[in-house]
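Asker: Provided below are the primary sequence and the corresponding predicted coordinates.
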Amino acid sequence: MSAPTHHVIHEHVLHDDTARLIDEFINALWLEEGLSKNTQSAYRSDLRLAALDWQRAGLRLNEVSAEDLPRLLGERMSSGQSARSIARLRSSLKRFFGWLRQQNLRTDDPTTALAAPRLPRALPYALSENEVERLLAAPDVSEPIGLRDRAMLELLYASGLRVTELIGLQFGQINLVQGVLRITGKGNKDRLVPIGDEAIVWLSRYLREARSGLLGRRESANVFVTERGDGMTRQAFWYRIKHHALAAGLARLPSPHTLRHAFATHLLNHGADLRVLQMLLGHADLSTTQIYTHVATTRLKALHAQHHPRG
């Protein structure tokens, strides 16, 4: 006699709240880092399969202990999965539980004892300078929202801020006379970031011509606000970037993080020093910044092949 249908569903269908939590994590990760669809799919698959394994044992993904993690990885290794797949699963779990802690959904990180995977890093996707110019020119600056968007895009490209740093920007962090921002980044470390004349022009114009109209009689400590007077969210800003990228006719839709990549790549292409770039991006370790040297080298090789008589 076959098992009742509801037992089959329980074993093979993920609980709604767990699936929803995984989706929220993937969305947050993509907005921060602009991960490709393939990478997003891989992270989601890893987490869903792990969650199903633990669900069959009566455990929820967000509640597993440090002892449960090595057991799962050991079972995967015994089943013949490749070392690369195991390393990716380990990475997915570490990122997920780190995010849970950031969101105050856990007070501990059960992956602390798991060694970080040693895998080659994929080259980040960066817009060309021409594509950036088209994207920056796309907003209709005759409208308050368009002027706000232009100021945000100009500032993001000029400074290389993380999207969370941009949308959380407050007036006390801006010095338009000196042309710098004081940013508190990861690890609560402060850095001064120059923003350049063009971004100053657009930021000043937004503050002078558009912000009060968006706020109405409301008040906000945030520099960038919505029509409802709220502070901008990552999701809302991504929607605006997507809208302008389509208007600009870009072949690929950039994420907010794509402009941070463009900032770094274009600085290196024009001769910036790697350690200066490290300080501007707020990277604690130079090795994190060095990924951009590969991007710049790829670009230089393409230019050499195109223009050198023996390329």
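Answerer: Thanks, I have the structure now.
Asker: which secondary structure elements does whatever helix or strand residue 241 lives in contact?
Answerer: Using DSSP states H and E, the element containing residue 241 is helix 234-248. Here helix 234-248 touches helix 16-33, helix 129-137, helix 144-159, helix 163-167, helix 256-269, going by 3 or more CB pairs under 8 Å, 6 or more residues apart in numbering; DSSP states H and E. Just so you know, the C-beta spots here come from the backbone N, C-alpha and C atoms, and that holds for glycine as well.
Asker: how about the second one as PDB, C-alpha atoms only?
Answerer: What follows is helix 129-137 as a C-alpha-only set of coordinates in PDB (Å, rounded to 0.1, in the frame of the first residue of the first chain):
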ATOM      1  CA  GLU A 129      32.300  53.900 -20.500                       C
ATOM      2  CA  ASN A 130      29.900  54.500 -23.400                       C
ATOM      3  CA  GLU A 131      27.300  52.300 -21.700                       C
ATOM      4  CA  VAL A 132      27.700  54.200 -18.400                       C
ATOM      5  CA  GLU A 133      27.200  57.500 -20.300                       C
ATOM      6  CA  ARG A 134      24.000  56.300 -21.900                       C
ATOM      7  CA  LEU A 135      22.700  55.100 -18.600                       C
ATOM      8  CA  LEU A 136      23.500  58.300 -16.800                       C
ATOM      9  CA  ALA A 137      21.800  60.300 -19.600                       C
END
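Asker: now what about it, what contacts it?
Answerer: 127, 150, 153-154, 157, 241, 244-245, 248-250, 254, 259, 262, 266 (CB atoms under 8 Å, 6 or more residues apart in numbering).
Asker: what angle do the helix holding residue 241 and helix 144-159 make?
Answerer: 90 degrees (axes from the mean of the first three to the mean of the last three CA atoms, to 10 degrees).
Asker: how distant is helix 234-248 from the center of its chain?
Answerer: 14 Å (CA atoms, centre = their mean, to the nearest Å).
Asker: between that helix and helix 16-33, how big is the angle?
Answerer: Going by the same axes, to 10 degrees, helix 234-248 makes 60 degrees with helix 16-33.
Asker: low-scoring pLDDT stretches of the protein, where are they?
Answerer: Counting by pLDDT under 70, the chain contains low-confidence ranges at 1-12, 115-125, 187, 284-304, 311.
Asker: can you rerun that using 80?
Answerer: 1-12, 32-37, 71, 73-84, 113-126, 185-189, 256, 268, 271-311 (pLDDT under 80).
Asker: So it: which segments form each domain?
Answerer: 5-102, 129-307 (automatic domain parsing).
Asker: I'd like those domains as a markdown table, with mean neighbour count and distance to residue 109 appended.
Answerer: A markdown table is the format used below for the domains of the chain (neighbours: other CB atoms under 10 Å; distance: least, CB to CB, whole Å):
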| stretch | mean neighbour count | distance to residue 109 |
| --- | --- | --- |
| domain 5-102 | 16 | 5 |
| domain 129-307 | 17 | 15 |
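Asker: can you list the ones you listed in TSV and add distance to residue 112?
Answerer: Output for these, formatted as TSV (distance: least, CB to CB, whole Å):
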stretch	distance to residue 112
domain 5-102	7
domain 129-307	17
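Asker: Out of those domains, the one nearest residue 113 is which?
Answerer: Nearest of these to residue 113, taken as CB to CB: domain 5-102 at 6.2 Å.
Asker: about what we covered before: return the member of the contacts of helix 129-137 nearest to residue 36.
Answerer: Using CB to CB as the measure, the one of the contacts of helix 129-137 that approaches residue 36 most closely is residue 254, at 12.0 Å.
Asker: what residues are up against that closest one?
Answerer: 34, 125, 127, 135, 241, 245.
Asker: Mind doing that once more with 10 Å?
Answerer: Residues in contact with residue 254 (CB atoms under 10 Å, 6 or more residues apart in numbering) are 34, 125-127, 131-132, 135, 238, 241-242, 244-245, 248, 261-262.
Asker: Residue 222 now?
Answerer: 167-171, 211, 215, 229-232.
Asker: Can I get those in TSV including distance to residue 189?
Answerer: What follows is the contacts of residue 222, written out as TSV (distance: CB to CB, whole Å):
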residue	distance to residue 189
167	19
168	15
169	17
170	17
171	21
211	29
215	31
229	31
230	28
231	23
232	23
